[in-house]
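**Student:** My questions concern the predicted model and sequence given below.
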Amino acid sequence: MFEALSEQLSQTLRTLTGKAKLTEDNIQDALRDVRRALLEADVALPVVRDFTDRVKLRALGQEVGKSLSPGQAFIRIVQAELQLVMGNENSALDLRAVPPAVILMAGLQGAGKTTTVAKLALLLKNRDKKTVMVASADVYRPAAIKQLETLAAEADVLFFPSDAGQKPVEIVQAAIAEAKRRFVDVLFIDTAGRLAIDNAMMEEIAELHKVANPVETLFVVDAMTGQDAANTAKAFNEALPLTGVILTKTDGDARGGAALSVRQITGKPIKFIGVGEKIDGLEPFYPDRLASRILGMGDVLSLIEDVEKKVDKEKAQKLASKIKKGERFDLQDFKEQLEQMRNMGGITNLLDKMPGMGGLAKTAASAAGDKNFVMMEAIINSMTKKERANPDLLNGSRKRRITQGSGTTLQDLNRLLKQHKQMQLVMKKMKGGGLTNMLRGMGGRLPPGMGGMGGGMPPGGRFPGF
């Protein structure tokens, strides 16, 4: 999300960096480019106007006048205003209620509402250690109830059975009674969606809201619909007392207009964003972190959280111990490192969250870096244990067998072996001095295997801080 906006804003703000001071003229020029970038990102026009007016007012005020670096001060102002537009801070779910705390989910058909119910249920079960039940009051869409049942099994949460012959209100009443009987902490009610907003839909969901008396009423909307997402959320908010919004499919939205419009148009916070099709692809929405990423400053906190949640600590410790002892980094170790990186969302996701690496993330994506991970894993999987432990065994006949088994070419295999040798050298440098020495030893290069990029970075593009 925000790739195009981030690139344009970074380019605009760079033009101010070398200025001796900020004047009304160069601020006006910069804001013209900012305004154009926001509109191209499909941000709603009233939001763009308010944003640029506030930035101009602050930039011409005392903040910049006292700064030794006007360009940096302007960037700081833009960052602060981006945060303000998106809500300033994360807005958590309010589950302070006598159990079960009911969460009502609303949204148009196709926004990913049912999948989001399961994602949020899984998150509350794992992160907050809640007992969760899900129920579907969607009696109109074929297979909607069965879909939620399947997802509930995948998330390992309780499912309340219902069928298309029942009335939605009866389903909600029965689900609440069952949740109370089973001492459930949180009950999710998945409601019916429509292809467009209509009176019948609004009347039904208003009635369900009255019966359920939910602690949270969340509107699920497709981020790829841009500012239309904000307008749809506003229409729902006028019919329902929404408490928050969940943006789905943000990984497919390069513009980001919805994220920058929803809060200001509806007055309701974005609480979560969907970041993939997998059931764990849901993240709390942090405006401050996203503002940093938009301006190419990275998102180190989210990166650390990814590591904490998704890296296999036992395998990581085992590898660290092995390297410390000076033992050989073999192809099995290499494969496990690829798997760990893929679990964290791939190289594109990692680079996007590292300060100053946003542009490189786009290069990595275009070079099909993450697809190459899959190919390299396939090659290693086609090897025997002995071959993984000692690649020197790979003669011509063994290489032919491996490439045939993995559906790859000899060139692909040789490239992987070369990248593995480079990684071995990196690991040797880690033995005495940890991560800092490793990065220095890489000579400012990307870790091997980042898809067709040759491992290189742009001039001066070392990892920050090393």
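**Tutor:** Alright, I've got the coordinates. Everything numeric here is computed off the predicted structure, so don't read it as measured data.
**Student:** What are the boundaries of the helices in the stretch 151-300 of the chain?
**Tutor:** Remark: helices assigned in the stretch 151-300 of the chain by DSSP state H, counting those that start in this stretch are 168-181, 199-212, 227-239, 257-266, 287-294, 300-310.
**Student:** Pipe those into a markdown table and attach distance to K129, mean pLDDT and mean neighbour count per row.
**Tutor:** To be clear about C-beta, it is placed using only N, CA and C from the backbone, and glycine gets the same treatment. Formatted as a markdown table, the helices of the stretch 151-300 of the chain follow (distance: least, Cβ to Cβ, whole Å; pLDDT from 0 to 100; neighbours: other Cβ atoms under 10 Å):
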| stretch | distance to K129 | mean pLDDT | mean neighbour count |
| --- | --- | --- | --- |
| helix 168-181 | 17 | 95 | 18 |
| helix 199-212 | 24 | 87 | 16 |
| helix 227-239 | 30 | 79 | 20 |
| helix 257-266 | 29 | 79 | 26 |
| helix 287-294 | 25 | 76 | 22 |
| helix 300-310 | 15 | 56 | 15 |
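**Student:** Mind checking those helices for the one nearest to Q340?
**Tutor:** Between Q340 and those, the tightest spacing by Cβ to Cβ is seen for helix 300-310, at 7.8 Å.
**Student:** which residues of the stretch 351-466 of the chain score low on pLDDT?
**Tutor:** Along the stretch 351-466 of the chain, segments meeting pLDDT under 70 span 351-371, 429-466.
**Student:** at 90 what do you get?
**Tutor:** 351-378, 389-392, 415-466 (pLDDT under 90).
**Student:** what domains does the record give for this structure?
**Tutor:** 3-86, 101-294, 300-441 (automatic domain parsing).
**Student:** Packed most tightly, which of the ones you listed would that be?
**Tutor:** With neighbours taken as mean count of other Cβ atoms under 10 Å, the domains of the chain reach their highest mean count in domain 101-294, at a mean of 20.
**Student:** Quick one: distance of that one to the chain centre.
**Tutor:** 18 Å (Cα atoms, centre = their mean, to the nearest Å).
**Student:** Kindly report the same for stretch 37-48.
**Tutor:** For stretch 37-48, the distance to the chain centre is 22 Å (Cα atoms, centre = their mean).
**Student:** Any idea which of the domains of the chain gets closest to A92?
**Tutor:** It's domain 101-294; of these, that one is closest to A92 (Cβ to Cβ) at 7.4 Å.
**Student:** gap between the two ends of the closest one?
**Tutor:** Start-to-end span of domain 101-294 (Cα to Cα, to the nearest Å) is 35 Å.
**Student:** Can you list the residue ranges for helices in the stretch 1-150 of the chain?
**Tutor:** Under DSSP H, counting those that start in this stretch, the stretch 1-150 of the chain gives helices at 3-17, 24-40, 45-59, 62-65, 70-86, 113-127, 144-155.
**Student:** quick one: contacts for D33?
**Tutor:** Contact partners of D33, counting by Cβ atoms under 8 Å, 6 or more residues apart in numbering, are Q8, Q11, T12.
**Student:** Might one say that A106 is in contact with F219?
**Tutor:** Yes. Counting by Cβ atoms under 8 Å, A106 does reach F219; the two are 5.2 Å apart.
**Student:** between those two, what contacts are shared?
**Tutor:** With Cβ under 8 Å, 6+ apart, A106 and F219 have common neighbours F236, L240, L242.
**Student:** Please give me every residue in contact with the last one.
**Tutor:** Going back to what we said before, that points to L242. Contacts of L242 (Cβ under 8 Å, 6+ apart): A106, T217, L218, F219, A233, F236, T266, K268.
**Student:** Tell me which residues touch D222, please.
**Tutor:** Contacts of D222 were listed using Cβ under 8 Å, 6+ apart, and they are L108, G110, A111, G112, A229, L247, T248, K249.
**Student:** Kindly state the beta-bridge partners for it.
**Tutor:** Taking DSSP bridges as the rule, D222 bridges to T248.
**Student:** That one and T408, how far apart?
**Tutor:** 37 Å (Cβ to Cβ, to the nearest Å).
**Student:** try E204
**Tutor:** Taking Cβ to Cβ, one finds E204 at 54 Å from T408.
**Student:** In the chain, which residue is most central in space?
**Tutor:** V275 (4.2 Å; Cα atoms, centre = their mean).
**Student:** so what's it up against?
**Tutor:** T250, D251, G281, L282, E283, G345.
**Student:** Lowest-confidence entry in these?
**Tutor:** When the contacts of V275 are sorted by pLDDT, the bottom entry is G345 at 62.
**Student:** how about the contacts of V275 in a markdown table, adding distance to A192?
**Tutor:** Output for these, formatted as a markdown table (distance: Cβ to Cβ, whole Å):
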| residue | distance to A192 |
| --- | --- |
| T250 | 24 |
| D251 | 26 |
| G281 | 24 |
| L282 | 22 |
| E283 | 26 |
| G345 | 32 |
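**Student:** closest to V139 among those residues?
**Tutor:** L282 (25.7 Å).
**Student:** and the gap between the closest one and G193?
**Tutor:** L282 is 18 Å from G193, by Cβ to Cβ.
**Student:** do Y286 as well
**Tutor:** Y286 is 27 Å from G193, by Cβ to Cβ.
**Student:** hmm, back to that, need the contacts of L242 in CSV (columns: distance to K421).
**Tutor:** Formatted as CSV, those follow (distance: Cβ to Cβ, whole Å):
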residue, distance to K421
A106, 55
T217, 57
L218, 51
F219, 52
A233, 53
F236, 57
T266, 55
K268, 54
